[in-house]
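Engineer: Coordinates only, no sequence provided:
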């Protein structure tokens with residue numbers, strides 16, 4: 001098969017930058033309340049298991065669809081600051097696996113409860129997920145996403161241009177999402193994902209209008 005033309009690749013990247021964060025925003029807006037306490041969280045999920053499952057399904061699909069956009073952004077960063085761009089790409093690709101695992105585990109919890117599991121078993125499952133053996137192993141991959149975004153900011157916001165405001169908006173959105181992970185306040189990630197969607201639209205418009213195309217190196 002012939003490699004896609006730059007026009008097709010740009011269309012795929014722009015679509016990814018919009019559709020991925022859009023689905024994640026919708027998923028997070030459907031997300032029930034969240035608590036670190038396993039018993040409290042299981043009680044919440046048991047009253048809204050369908051919303052819990054759908055929210056994490058949309059988050060998973062949205063983040064996977066965001067991958068071409070991640071590759072586009074890190075390519076732009078590599079054209080300005082090669083070492084930073086490459087490091088951002090490695091970190092953000094690594095984070096895809098960790099975040100996907102988290103979304104899948106939380107989907108499992110929702111489906112487990114909706115399938116009729118009692119609260120004691122669900123609490124054991126959720127506690128196991130939160131353990132150092134599971135969540136602790138995923139933590140470096142989760143942090144890799146936020147470090148990668150920080151590197152994008154250094155590379156893309158260092159000089160004025162059409163990419164500065166989207167990357168700063170993306171960083172602000174990532175900061176809100178990190179706050180939600182720490183504080184278990186869903187409102188923070190809802191704001192964060194909407195900000196990431198706004199940033200994605202900004203990046204996509206820059207690509208489609210040709211403002212950043214001259215910075216993209218063909219592979």
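Structural biologist: Received, thanks. Remember, it's a predicted structure, so these values are computed and weren't measured experimentally.
Engineer: For the chain, just list every one of the helices.
Structural biologist: For the chain, the helices defined by DSSP state H occupy 6-29, 38-47, 49-65, 67-80, 82-114, 119-130, 135-156, 164-183, 186-208.
Engineer: want to throw these into a markdown table with mean pLDDT and mean neighbour count?
Structural biologist: Any C-beta I mention is one placed from the backbone N, CA and C, and that applies to glycine too. Formatted as a markdown table, the helices of the chain follow (pLDDT from 0 to 100; neighbours: other C-beta atoms under 10 Å):
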| stretch | mean pLDDT | mean neighbour count |
| --- | --- | --- |
| helix 6-29 | 94 | 20 |
| helix 38-47 | 92 | 18 |
| helix 49-65 | 94 | 20 |
| helix 67-80 | 95 | 21 |
| helix 82-114 | 94 | 19 |
| helix 119-130 | 92 | 16 |
| helix 135-156 | 96 | 19 |
| helix 164-183 | 96 | 19 |
| helix 186-208 | 96 | 22 |
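Engineer: Would you pull up how far stretch 53-60 lies from the middle of the chain?
Structural biologist: In this view, stretch 53-60 has its centroid 12 Å away from the chain centroid, taken as C-alpha atoms, centre = their mean, to the nearest Å.
Engineer: Please apply the same query to stretch 88-96.
Structural biologist: Using C-alpha atoms, centre = their mean, the offset of stretch 88-96 from its chain centre is 11 Å.
Engineer: same question, stretch 140-158
Structural biologist: 12 Å.
Engineer: Show residues contacting that stretch.
Structural biologist: For stretch 140-158, contacts defined as C-beta atoms under 8 Å, 6 or more residues apart in numbering pick out 73-74, 76-78, 80-81, 84-85, 87-92, 94-95, 97-99, 101-102, 163-164, 167-168, 170-171, 174, 178, 181.
Engineer: repeat for stretch 85-105
Structural biologist: Contacts for stretch 85-105 (C-beta under 8 Å, 6+ apart): 56-57, 59-60, 63-64, 67, 70-71, 73-79, 129, 134-135, 138-142, 144-145, 147-149, 151-152, 155.
Engineer: Centroid-nearest residue for this protein?
Structural biologist: Compute the mean C-alpha point of the chain, and by C-alpha atoms, centre = their mean the closest residue is residue 63, 5.0 Å away.
Engineer: for the residue lying closest to residue 41 once chain neighbours are set aside, phi and psi?
Structural biologist: Spatial nearest neighbour of residue 41, excluding adjacent residues (C-beta to C-beta, 6 or more residues apart in numbering): residue 35 at 4.7 Å. Main-chain torsions, residue 35, degrees, to the nearest 10: phi -140, psi 150.
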